[in-house]
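>>> 3D, please:
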Amino acid sequence: MTKTETFPRGGASRKLAAARASIAASALLASAKLAAGLWSGSLALLSEAGHAFVDTGATLLTFFALREAEKPADAEHHYGHGKFEALAALVETGFLFALALFVVAEAFRRLSEAHVDIDVGWPVYAALAVSIAVDFLRSRQLGRIAKEEGSDALAADALHFASDLLSSLLVLIGLVAAQYGFKQGDALASFGVAAFIAVAGVRLGRRTIGTLLDAAPRDLAPGIERAIGEVPGVIALDALRLRTVGPDVVGEATIGVSRGLSMEQAARIKSAVADAIAAIAPRARITLAATPRALDDETLAERIMLVGARRHIPTHKIIFQEIDGKLSVSLDIELDGSMPLGRAHAIAMDFERAIQDECGADIDIATRVEPLEPHVLAARPADPAVAAALGAALARSA
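Numbers count the residues shown, from 1 in each chain. You can find the predicted model right below:
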């Protein structure tokens, strides 16, 4: 049984709108930082401008990845296109590491120079102040939307902008130090910027690679296991396989149920399991399978009745006897009254062999075949006096 949820498209337009706003903000901030960095000659600020331009390109990539990821499943992509987001996040990770290495190399070069001129003025501080405020607001907004929509790409952008905020603070500290005579403060701040960029890349890369390699969501799997195990009728959870596809979690689960249940009863248990999963993971799409399991407290009579139920043969009057230390069973089965005797005998013999397979080959079985025919009796309402007398007699006996 597969429980499939249909999700509204409103989340897609919300994510795309957030990505568009992020592109515009990234481009404006990157331009402002570049202009301020060129005017002041600050390596830390120029490094931050490079970081911002990388973020702008990454945000453009995020926008196109989100647009592709929202396409429905097709003949070539049965699980949809959700991994486009993870692929975009992986590319962004590469950009971050490349930028961190460049900033470190440039910082070492700047430290080796004997004389460094840094002109710190109000445009530099204004650009950094605006950058810090914008990065704070959009990192919170994107983080909230990414969490609500389960978007890897938006989560990557939120992480970038949070690191931008911290690295801008480092740049500000370095420029203040340079203005008050500590010229190496700007280069040292660049090392801090590079460190923040690298840390962001490591965190993003670990998450992205896990998604691309179909790693199970560790924070969700235990909860789903508990939810399945608590559903009445589930004997055991035989297998659970999960992986993330964009904002969704897909996978398969195999549960053990009593083999004495009817198909309708097993279907109700699977439906209850699907509802339990949806309660803790609304975007999970789990294919459920139920395997019949023998219970430890099954009686011999129940096992024989199960054999009859599998073959749709009504079975009754089951009597057990122990004769000279050997178990003997006699029972009645009902077959179509119009069936030829030879065919009825063949069905009864096959039924006996199935009982021996289930209960042991050393059991003696005596099967009686009865005709299964409709018996329609003519009837009329009982006389009221007779009904009243019968009721009084039953009351006295009770």
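
>>> Asp364 reaches Asp324, doesn't it?
No. Counting by Cβ atoms under 8 Å, Asp364 does not reach Asp324; the two are 10.4 Å apart. C-beta coordinates here come from the backbone N, C-alpha and C atoms, glycine included.

>>> looking at the two, which one has more neighbours?
Comparing Asp364 with Asp324 by neighbour count (other Cβ atoms under 10 Å), the higher total belongs to Asp364, at 13 against 5.

>>> returning to what we had before: tell me, what's touching Asp364 and Asp324 both at once?
Common neighbours of Asp364 and Asp324, counting by Cβ atoms under 8 Å, 6 or more residues apart in numbering, are absent.

>>> ranges for the helices of this structure?
In the chain, the helices defined using DSSP state H lie at 10-40, 43-69, 83-112, 122-149, 152-179, 184-212, 221-229, 263-280, 300-310, 341-359, 384-397.

>>> what lies in contact with the last one?
In this case it means helix 384-397. Contact with helix 384-397 is made by Ala382, as judged by Cβ under 8 Å, 6+ apart.

>>> now with 10 Å?
The contact list for helix 384-397, computed with Cβ atoms under 10 Å, 6 or more residues apart in numbering, reads Pro381, Ala382, Asp383.

>>> still on that earlier bit, tabulate the helices of the chain (CSV), appending mean pLDDT and distance to Glu334.
Shown next, in CSV, are these (pLDDT from 0 to 100; distance: least, Cβ to Cβ, whole Å):
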stretch, mean pLDDT, distance to Glu334
helix 10-40, 68, 58
helix 43-69, 68, 59
helix 83-112, 73, 57
helix 122-149, 74, 59
helix 152-179, 69, 61
helix 184-212, 72, 58
helix 221-229, 87, 39
helix 263-280, 88, 21
helix 300-310, 84, 10
helix 341-359, 89, 10
helix 384-397, 92, 31
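
>>> distance to Val249 and mean neighbour count added to those helices, as CSV?
Shown next, in CSV, are the helices of the chain (distance: least, Cβ to Cβ, whole Å; neighbours: other Cβ atoms under 10 Å):
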stretch, distance to Val249, mean neighbour count
helix 10-40, 15, 18
helix 43-69, 15, 24
helix 83-112, 13, 19
helix 122-149, 14, 18
helix 152-179, 13, 24
helix 184-212, 11, 20
helix 221-229, 9, 16
helix 263-280, 9, 16
helix 300-310, 36, 16
helix 341-359, 40, 14
helix 384-397, 60, 9
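
>>> okay, those helices in TSV with distance to Ile286 next?
TSV is the format used below for the helices of the chain (distance: least, Cβ to Cβ, whole Å):
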stretch	distance to Ile286
helix 10-40	20
helix 43-69	20
helix 83-112	18
helix 122-149	20
helix 152-179	20
helix 184-212	18
helix 221-229	8
helix 263-280	5
helix 300-310	28
helix 341-359	33
helix 384-397	54
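
>>> tell me the centre residue of this structure?
Nearest to the geometric centre of the chain sits Val249, at 2.4 Å (Cα atoms, centre = their mean).

>>> just the pLDDT for the closest residue to that residue other than its chain neighbours.
In this structure, Val249 finds its nearest non-sequential neighbour in Ala284, 4.4 Å apart by Cβ to Cβ, 6 or more residues apart in numbering. Per-residue confidence at Ala284 stands at 80 (pLDDT).

>>> take the contacts of helix 384-397 and write them to JSON lines, including distance to Ser131, pLDDT and neighbour count.
Formatted as JSON lines, the contacts of helix 384-397 follow (distance: Cβ to Cβ, whole Å; pLDDT from 0 to 100; neighbours: other Cβ atoms under 10 Å):
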{"residue": "Pro381", "distance to Ser131": "92", "pLDDT": "88", "neighbour count": "6"}
{"residue": "Ala382", "distance to Ser131": "94", "pLDDT": "88", "neighbour count": "10"}
{"residue": "Asp383", "distance to Ser131": "99", "pLDDT": "91", "neighbour count": "9"}
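
>>> between these, which is closest to Val369?
Ala382 (35.3 Å; Cβ to Cβ).

>>> now that closest one: how far from Leu394?
From Ala382 across to Leu394, the span is 13 Å (Cβ to Cβ, to the nearest Å).

>>> over to Leu335?
Leu335 sits 37 Å away from Leu394, going by Cβ to Cβ.

>>> same question for Ile145.
Distance of Ile145 to Leu394, given as Cβ to Cβ: 72 Å.

>>> before we move on, what about Arg380?
Taken as Cβ to Cβ, the span from Arg380 to Leu394 is 21 Å.

>>> re earlier: what's across from the residue nearest to the centre of the chain in the sheet?
For Val249, the beta-bridge partners under DSSP bridges are Thr244, Ala284.

>>> separation between it and Val234?
20 Å.

>>> repeat for Ser168
Separation of Ser168 from Val234 (Cβ to Cβ): 53 Å.

>>> my guess is the residue nearest to the centre of the chain contacts Arg285. True?
Yes. Here Val249 reaches Arg285: they are 7.2 Å apart, a contact under Cβ atoms under 10 Å.

>>> run a quick neighbour tally on the residue nearest to Val249.
Ala284 has 20 neighbours, counted by other Cβ under 10 Å.

>>> that one is in contact with Val250, isn't it?
Yes. If you go by Cβ under 10 Å, Ala284 and Val250 touch, sitting 7.5 Å apart.

>>> so what sits against both of the two?
Leu242.

>>> nearest residue to Asp350 in space, ignoring adjacent ones along the chain?
Once flanking residues are discounted, Asp350 sits nearest to Arg311: 8.0 Å by Cβ to Cβ, 6+ apart.
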